[in-house]
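Engineer: Any chance you could fold what I've pasted below:
(2 chains)
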Amino acid sequence: MSAGTFTTPAGRMAALARAELTLLSRSKGTLFAAMFVPLVLPFSARSAAKEMDLAAAGLSVGTVVLPAALGVSLLFAVYTTLVGVFVARREELVLKRLRTGELRDLEILTGSAMPAVATAFVQSAVLAVGCAVLLDLDAPRAPLYTVVGYLLGLVMCTALAAVTSGVSRSTESAQVTTMPFVLLSLIGSGLVVPLEVMPDRLAALCRVLPLTSVVTLLRGGWTGNLSAGEALAALIGVLAWTVAGVLAVRRWFRWEPRR
Amino acid sequence: MKTNGHDHVIEVSGLRRVYGGGFEAVRGITFHVERGEVFALLGTNGAGKTSTVEVLEGLAPPAGGRVRVLGHDPRTERAAVRPRTGVMLQEGGFPSELTVTETARMWAGCVSAARPLTDVLARVGLAGKTGARVKQLSGGERRRLDLALALLGDPEVLFLDEPTTGLDAEGRRDTWELVRALRDGGTTVLLTTHYLEEAEGLADRLAILHEGRIAAAGTPAEVTAAQPARITFELPDGYVLGDLPPLPGLGVTGHEVDGAVVRLRTRTLQRTATGVLAWAERAGVELRGLDVRSASLEEAFLGIARAASAEAATATATGHETERAVAV
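Structural biologist: The predicted structure follows:
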């Protein structure tokens, strides 16, 4: 056996991701929820956004709708999709079988997550272009915040999905176990109602939710009116949730069904 | 690792495995497997076979003792071990919506020096099923797909956890032939089974596991030879065991009487049989249901289980019920 014939982490993850992409394309329900909910839901919030006094908060319809749409994309294309994927693979004993091979644990999780993450990427591009055309949204004024916020959001949602799969016994129960994070995020993370137009106390409470910091960075990137302090606070928020998520995965993720 | 000129591909010493609830599934076992050998772990369900193999596969850490595969710790030095081993779990898992080819292709991307898919699938008799989804395969076909993936990287060491459970007679024979061919090609095979004939027919050496301990080990002939032979017959009406010549004089090492049925155990079968038959001839009686048989692996296996439950019964009588309850 020559050295060239050994597998690499990238090659192994690509093989796994390709299989997962095939599976995603065959799971019509998951595909529909992942692809269309994030495209449809934010625009239903558009009319509500028009009613609000956005200008006073330094916002426009575009800077409300797009970050919200990207947040919804993270929730449905990444978070709920991946909870279902991790639970299904665990219950079919696929994760256990994969662990007997050369793939490392992190490679299994990353490779399995890749198609969902790729879906979210494509969706974000579509949403960004759509908002630019339909809502006259300009390019981000502080693109670094947008990019960093989005990438960290992807990692955080993947980690939280892995944690949630650990407390879900079946793909059916995953529909229930994903509800708390989805509902809290929709209500409290500025996806439907911007925190800027909330009462101060409620807004302060909502600011510690996992997805809020991500949405803050996304929106701040577009408006460019995020102060360095606010940006740092948001960055620390999303990093803290990501680290907590990763630690929780190491502690609670289950590779085999409960006996 | 070489000892006495032998290449120990697998070394297990004092292995213990304890589950979360405190249940000790493996209670200090020691064995080794030499290169090119087929080694069977034989035991009933719950004997600790899978718990042992999972440690060797690097899926679980040992609670105590030491395990080496190809000279490495299969868990902490996995990069050195995994490219050289193939694993077939007792219950393999593959996504039900992928086809056979898609599954094999995925696995091939995760295996160093993978062989051509078509070769491996043909070898396990799945050449005609490449386009079928995993969910459409029969239980036996899934086992063969699992075996194909275990063979994909031409492993030096193959772990097979109950490879023929769920297969029909033909599938079982095909798998046995495949394992023999692999052994002839130099592959080291560790397999678990609860089929006696599988262990007897396939294994160069075996260990019988019972309640987490090795009850007997060696070649099938050695394990069998350690067990007594058996004579069974029915005493005619009006006769009791005491009517026979003194049993120790016949070489009998143990006996049981169940109504009229007498079971004698002996290590000198010819002498004991001759003595019993000569007595019957002299007394002019016919021994109905006469059955004279040499020790077999089956006898050895049943003998070990019998001895162990007798021991457990004694333990229960002396107030160690809790230990017994956990072990069951």
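Engineer: Over in chain A, which residue gets nearest chain B? Let me know.
Structural biologist: Residue of chain A nearest chain B, by Cβ to the nearest Cβ: A:A15 (2.3 Å). Quick note: C-beta positions are derived from backbone N, CA and C, even for glycine.
Engineer: Regarding B:R66, what is its secondary structure?
Structural biologist: Secondary structure for B:R66, judged by DSSP: H, G, I helix; E, B strand; the rest coil, is strand.
Engineer: residues touching it, list them.
Structural biologist: By Cβ atoms under 8 Å, 6 or more residues apart in numbering or on different chains, B:R66 lies in contact with B:E11, B:V12, B:S13, B:G14, B:L15.
Engineer: so which helix or strand takes in B:W279?
Structural biologist: Assessed by DSSP states H and E, B:W279 sits inside helix B:269-283.
Engineer: Residue numbers of chain B in contact with chain A?
Structural biologist: When proximity is defined as Cβ under 8 Å from any Cβ of the partner chain, chain B approaches chain A at B:57-59, B:78, B:82-83, B:87, B:89, B:91-98, B:102-103, B:105-113, B:146.
Engineer: coming back round to it: so what secondary structure elements neighbour the helix holding B:W279?
Structural biologist: strand B:229-234, strand B:261-266 (3 or more Cβ pairs under 8 Å, 6 or more residues apart in numbering or on different chains; DSSP states H and E).
Engineer: From chain A, how far out is the spatially most central residue of chain B?
Structural biologist: Computing the C-alpha centroid of chain B and ranking residues by Cα atoms, centre = their mean puts B:L42 first, at 1.8 Å. To chain A, B:L42 is 22 Å away according to Cβ to the nearest Cβ, to the nearest Å.
Engineer: list the contacts for the residue nearest to that residue when sequence neighbours are not counted?
Structural biologist: Closest residue to B:L42 apart from its sequence neighbours, by Cβ to Cβ, 6 or more residues apart in numbering or on different chains: B:A199 at 4.4 Å. Contacts for B:A199 (Cβ under 8 Å, 6+ apart) come out as B:A40, B:L42, B:T193, B:L206, B:P220, B:L297.
Engineer: Where does B:A199 fall, secondary structure wise?
Structural biologist: Short version, using DSSP H and E: B:A199 is in helix B:196-202.
Engineer: For that helix, what is the distance to the chain centroid?
Structural biologist: 8 Å (Cα atoms, centre = their mean, to the nearest Å).
Engineer: how many neighbours does whatever residue of chain B ends up closest to chain A have?
Structural biologist: Using Cβ to the nearest Cβ, the single residue of chain B nearest to chain A is B:G109, 2.3 Å away. As a burial measure, B:G109 scores 20 neighbours (other Cβ atoms under 10 Å in any protein chain shown).
Engineer: ok so, going back, would you turn the helices and strands packed on helix B:269-283 into a markdown table with mean pLDDT?
Structural biologist: Shown next, in a markdown table, are these (pLDDT from 0 to 100):
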| stretch | mean pLDDT |
| --- | --- |
| strand B:229-234 | 92 |
| strand B:261-266 | 92 |
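Engineer: want to throw these into TSV with mean neighbour count?
Structural biologist: Conversion of the helices and strands packed on helix B:269-283 to TSV gives the following (neighbours: other Cβ atoms under 10 Å in any protein chain shown):
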stretch	mean neighbour count
strand B:229-234	20
strand B:261-266	20
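Engineer: Make JSON lines from the ones you listed and add distance to B:E24 to it.
Structural biologist: Output for the helices and strands packed on helix B:269-283, formatted as JSON lines (distance: least, Cβ to Cβ, whole Å):
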{"stretch": "strand B:229-234", "distance to B:E24": "33"}
{"stretch": "strand B:261-266", "distance to B:E24": "32"}
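Engineer: now the helices for the stretch 151-259 of chain A?
Structural biologist: A:171-177, A:179-188, A:200-206, A:210-223, A:228-252 (DSSP state H, counting those that start in this stretch).
Engineer: got the buried residues for stretch A:153-169?
Structural biologist: A:153-166, A:168 (16 or more other Cβ atoms under 10 Å in any protein chain shown).
Engineer: Just the C-alphas of that stretch, formatted as PDB.
Structural biologist: C-alpha atoms of stretch A:153-169 as PDB (Å, rounded to 0.1, in the frame of the first residue of the first chain):
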ATOM      1  CA  GLY A 153     -24.300  31.000  13.000                       C
ATOM      2  CA  LEU A 154     -23.800  28.000  10.800                       C
ATOM      3  CA  VAL A 155     -21.400  26.400  13.200                       C
ATOM      4  CA  MET A 156     -23.700  27.200  16.200                       C
ATOM      5  CA  CYS A 157     -26.800  25.900  14.600                       C
ATOM      6  CA  THR A 158     -25.000  22.700  13.600                       C
ATOM      7  CA  ALA A 159     -23.800  22.200  17.100                       C
ATOM      8  CA  LEU A 160     -27.200  22.900  18.600                       C
ATOM      9  CA  ALA A 161     -28.700  20.400  16.200                       C
ATOM     10  CA  ALA A 162     -26.400  17.700  17.400                       C
ATOM     11  CA  VAL A 163     -27.200  18.500  21.000                       C
ATOM     12  CA  THR A 164     -31.000  18.400  20.200                       C
ATOM     13  CA  SER A 165     -30.600  15.100  18.500                       C
ATOM     14  CA  GLY A 166     -29.200  13.700  21.700                       C
ATOM     15  CA  VAL A 167     -32.500  14.300  23.500                       C
ATOM     16  CA  SER A 168     -34.700  13.100  20.600                       C
ATOM     17  CA  ARG A 169     -35.600   9.400  20.600                       C
END
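Engineer: so for it, what's the average pLDDT?
Structural biologist: The average pLDDT within stretch A:153-169 is 96.
Engineer: Restrict the helix holding B:A199 to CA atoms and write it as PDB.
Structural biologist: Presented in PDB, the C-alpha positions along helix B:196-202 are these (Å, rounded to 0.1, in the frame of the first residue of the first chain):
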ATOM      1  CA  LEU B 196     -21.500 -24.400  17.700                       C
ATOM      2  CA  GLU B 197     -21.000 -25.800  14.200                       C
ATOM      3  CA  GLU B 198     -19.800 -22.500  13.000                       C
ATOM      4  CA  ALA B 199     -17.100 -22.300  15.600                       C
ATOM      5  CA  GLU B 200     -16.200 -26.000  15.200                       C
ATOM      6  CA  GLY B 201     -16.100 -25.800  11.400                       C
ATOM      7  CA  LEU B 202     -14.400 -22.400  10.900                       C
END
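Engineer: can you pull the buried residues of that helix?
Structural biologist: B:L196, B:E198, B:A199, B:E200, B:L202.
Engineer: what does stretch A:113-121 give?
Structural biologist: Of the residues in stretch A:113-121, those buried (16+ other Cβ under 10 Å) are A:A113, A:M114, A:P115, A:A116, A:V117, A:T119, A:A120.
Engineer: The fourth one and A:V78 touch, don't they?
Structural biologist: Yep, that's A:A116 we're talking about. Yes. In this structure A:A116 lies within contact range of A:V78 using Cβ atoms under 8 Å: 5.3 Å.
Engineer: what's the helix holding B:W279 in contact with?
Structural biologist: B:229, B:231, B:233, B:239, B:243-245, B:249-252, B:264, B:266, B:286-287, B:292, B:294.
Engineer: Now do that helix: distance to the chain's middle.
Structural biologist: 36 Å.
Engineer: So what sits opposite B:V38 in the bridge?
Structural biologist: Applying DSSP bridges to B:V38 gives these bridge partners: B:V189.
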